[in-house]
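**Q** Starting from these lines, generate the structure:
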Amino acid sequence: MSITSNSRIGSAQPFNPASFAGIAGKVVMNTGAANGIGLHMAHGFARHGARLVLVDIDASALEAARAELAQAWPGVEIETCEASITDPEAMERACVKAEGRFGGIDILLNNAGISMNKPALELTPSDWRRAIDIDLSGVFFAAQAAGRRMVRQRSGVIISTASMWGLASSSRRVAYCAAKAGVVSLTKSLAAEWAEYNVRVNAVCPGYTRTALVDSLIARNALDQDALMQRTPLGRLGTPQEMAEVALFLASDSAAFITGHALVSDGGWTADGF
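**A** Numbering: from 1, shown residues only. As a prediction, the model looks like this:
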């Protein structure tokens, strides 16, 4: 039997969300919550009855996210905070705001980040610093601010969104790959350091995912959708809902013995050495 290239093109199965124990009533601080995977994670945790602290640098998008979540999940408790993760003092203020509204922080979702796709020889110092500042340093500042509270209360979960490019490499993405690899290493280091305080630290490593940003890049021919699907063993792109489910699992009681782990959700991309 011959196998054509089109046999690798797949489609997502109907989304059937799972139920995870240990999330209802928890206070979840979510950076980069106004769009993309961060917003879908907010929906997933709202579905489980969590109380949300949405943090984003875009004030108008933040309010739109609040309205969307309130309509989708009547009765959900939401606090918002306009802040940049690159500012340690702003992250401290966001935590203080969460404490003032809800009394503490149980779960941190470290979602805020940017893309940086440029050939290495064209990458400016400003490009490099921006990628590292947002995609690595900002993740640490948010984790440090939340971690102070979690260590004191001797419980907590931190989940940072890294990338499959934190575990693999790619041309034209040197700054992004370096930053996301740093997030994976940061995750392991914090997990080892804070385990004695019952604080679990893990990372989600998405592959190509159908966010609005990716859709816009495909529409502008900046990404070749067919090529990406052909390259992915499961034959399709991931969905933001699927990435949210990974975070829900890692935050739940089902993952109580998992810490220092980078969970890859990439449709087999990094498993296939091609």
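**Q** which residues does residue 158 bridge with?
**A** residue 108, residue 201 (DSSP bridges).
**Q** what pLDDT does it get?
**A** On the pLDDT scale, residue 158 is placed at 99.
**Q** okay, now it: neighbour count?
**A** Applying other CB atoms under 10 Å, we find 29 residues neighbouring residue 158. In this view, the C-beta of every residue, glycine as well, is placed from N, C-alpha and C.
**Q** Ok, residue 214 next?
**A** Neighbour number of residue 214 under other CB under 10 Å is 20.
**Q** Checking my notes, it in a helix, right?
**A** Yes: when DSSP: H, G, I helix; E, B strand; the rest coil is applied, residue 214 is found to be in a helix.
**Q** I figured it hits residue 238, correct?
**A** No: assessed by CB atoms under 8 Å, residue 214 is found out of contact with residue 238, at 9.7 Å.
**Q** Next, show the common contact partners of these two.
**A** Common neighbours of residue 214 and residue 238, using CB atoms under 8 Å, 6 or more residues apart in numbering, are residue 208.
**Q** what packs against the helix or strand of the chain with the lowest mean pLDDT?
**A** Within the chain, no helix or strand scores below helix 212-219, which has a mean of 87 by mean pLDDT, DSSP states H and E. Using 3 or more CB pairs under 8 Å, 6 or more residues apart in numbering; DSSP states H and E as the contact test, no helix or strand touches helix 212-219.
**Q** Next, the residues that contact it from outside, please.
**A** Residues from elsewhere that reach helix 212-219 (CB under 8 Å, 6+ apart): 35-36, 115, 208, 223-225, 237.
**Q** Take those and keep only those in helices.
**A** Mapping those onto helices (DSSP state H) picks out 36, 225.
**Q** same question for the helix or strand that contains residue 131, mean pLDDT?
**A** Secondary structure assignment for residue 131, by DSSP states H and E: helix 125-132. Mean per-residue pLDDT for helix 125-132: 98.
**Q** buried set for that helix?
**A** Residues 128, 130-132 are the ones in helix 125-132 that count as buried (16 or more other CB atoms under 10 Å).
**Q** As a markdown table, the residues you listed with distance to residue 108 would be great.
**A** Shown next, in a markdown table, are the buried residues of helix 125-132 (distance: CB to CB, whole Å):
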| residue | distance to residue 108 |
| --- | --- |
| 128 | 26 |
| 130 | 23 |
| 131 | 21 |
| 132 | 20 |
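**Q** can you tell me how far residue 270 sits from residue 168?
**A** For residue 270, the distance to residue 168 (CB to CB, to the nearest Å) stands at 5 Å.
**Q** more neighbours, the two?
**A** Just comparing residue 270 and residue 168: by other CB under 10 Å the higher neighbour count belongs to residue 168, 19 against 15.
**Q** coming back round to it: name the helices or strands packed onto the helix holding residue 131?
**A** In this structure, helix 125-132 makes packing contacts with helix 174-194, judged by 3+ CB pairs under 8 Å, 6+ apart.
**Q** Mind giving me the packing neighbours of the helix it packs on?
**A** Helix 174-194 sits against helix 125-132, helix 138-153, strand 156-161, strand 199-206, strand 262-265, with contacts defined as 3+ CB pairs under 8 Å, 6+ apart.
**Q** List the contacts of it.
**A** For helix 174-194, the external contacting residues (CB under 8 Å, 6+ apart) are 115-118, 120, 123, 127-128, 131-132, 134-136, 139-140, 143, 147, 150-151, 158, 160-163, 165-170, 199-203, 205, 259-262.
**Q** show me what contacts the spatially most central residue of the chain?
**A** Centroid-nearest residue in the chain, with CA atoms, centre = their mean: residue 161, separated by 3.0 Å. The contact partners of residue 161, taken as CB under 8 Å, 6+ apart, are 32, 37-38, 109-111, 113, 183, 203-204, 206, 243, 247.
**Q** Likewise for residue 150?
**A** Applying CB under 8 Å, 6+ apart to residue 150 gives the contacts 105, 108, 156, 158, 194, 197, 199.
**Q** Can you name the residues bridging to residue 81?
**A** In this entry, residue 81 is beta-bridged to residue 55, by DSSP bridges.
**Q** And it, how far from residue 31?
**A** The gap separating residue 81 from residue 31 is 9 Å, by CB to CB.
**Q** re the thing from before, please identify the buried residues of the least confident helix or strand of the chain?
**A** Going by neighbour count (16+ other CB under 10 Å), the buried part of helix 212-219 is 214, 217-218.
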